[in-house]
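In: with the sequence up front, the predicted model follows.
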Amino acid sequence: MGRPRKDSAEQPVSERLERAMLRRMLDEPVAAITVRALTADAHCNRSTFYYHFNDVDEIADAAVERAIPYELPLAIASMMVAYTDASPSPQRFDELLHDHATVVPEQVDTLCLLLNGPNSALAERKVRDALSEVYPSIVAALPGDDGRDELALRVIFTYASSAILGLMAYRGSIGLGVPVERMIGAVAPEVPQALIACIRRAMRG
């Protein structure tokens, strides 16, 4: 028997399954979520599920990746790039915007809830993996490349990432009523300025 035909409706079945997984992950640990529940939510059968995914762990990874808003690395990029001694080229920053800012606002809310839910460890790991992938692009946009303290830059990036993830998790715990940028702004200008000073020292080596 051949594999079942992929869904040709406006929303592909794989996307329906991932969205169903995300909804369940907000309240249930991955280990408690079954293929039966997901296929019922997504209105498909088990064969269709296994056509797209090997198991629940695989769809959990895919679902969290779908929820990652790339405004997050962009926010860190702007912090690391915009306030250094010299400005990056407008073209390089435009490339960062184009590559990492094309997401829907609902992703921010979903990630905040995931970071505060029963699958917070998985969500945080996937976000950190995504940030690690974009890190070289952020560093490449920094002005100058002589005498950099690469370890210091990585530490600053990791610290800023952790701070933003913590704020997003806290936002999830208080019901999403406060915009993420307002929460980040609550620690300005002291914390950003302190990080900027560290970045400048790292750029001088």
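Out: Structure's in. What do you need? Residues are numbered from 1 along each chain as shown.
In: for residue 55, give me its contacts.
Out: residue 35 (C-beta atoms under 8 Å, 6 or more residues apart in numbering). Bear in mind the C-beta positions are built from the backbone N, C-alpha and C, glycine included.
In: tell me the confidence at it?
Out: Per-residue pLDDT puts residue 55 at 97.
In: what about it, distance to residue 137?
Out: 32 Å (C-beta to C-beta, to the nearest Å).
In: helix, strand, or coil at residue 61?
Out: State at residue 61, reduced to three classes by DSSP: H, G, I helix; E, B strand; the rest coil: helix.
In: next SSE downstream of the helix or strand of the chain with the lowest mean pLDDT?
Out: None of the helices or strands of the chain scores lower by mean pLDDT, DSSP states H and E than helix 90-100, at a mean of 54. Per DSSP states H and E, helix 90-100 leads on to helix 106-115 as the next helix or strand towards the C-terminus.
In: and the strand or helix carrying residue 156 with helix 106-115, angle?
Out: According to DSSP H and E, residue 156 maps onto helix 150-173. Per axes from the mean of the first three to the mean of the last three C-alpha atoms, to 10 degrees, the angle that helix 150-173 makes with helix 106-115 is 90 degrees.
In: who are the packing partners of helix 150-173?
Out: Contact here means 3 or more C-beta pairs under 8 Å, 6 or more residues apart in numbering; DSSP states H and E; on that basis helix 150-173 packs against helix 71-82, helix 106-115, helix 120-141, helix 180-185, helix 190-204.
In: can you check the pLDDT for residue 198?
Out: 63.
In: let me redo that: residue 48
Out: 96.
In: okay, now it: neighbour count?
Out: 21 (other C-beta atoms under 10 Å).
In: which positions within whichever strand or helix holds it qualify as buried?
Out: If you go by DSSP H and E, residue 48 is part of helix 46-52. Buried residues in helix 46-52, counted by 16 or more other C-beta atoms under 10 Å: 48-49, 51-52.
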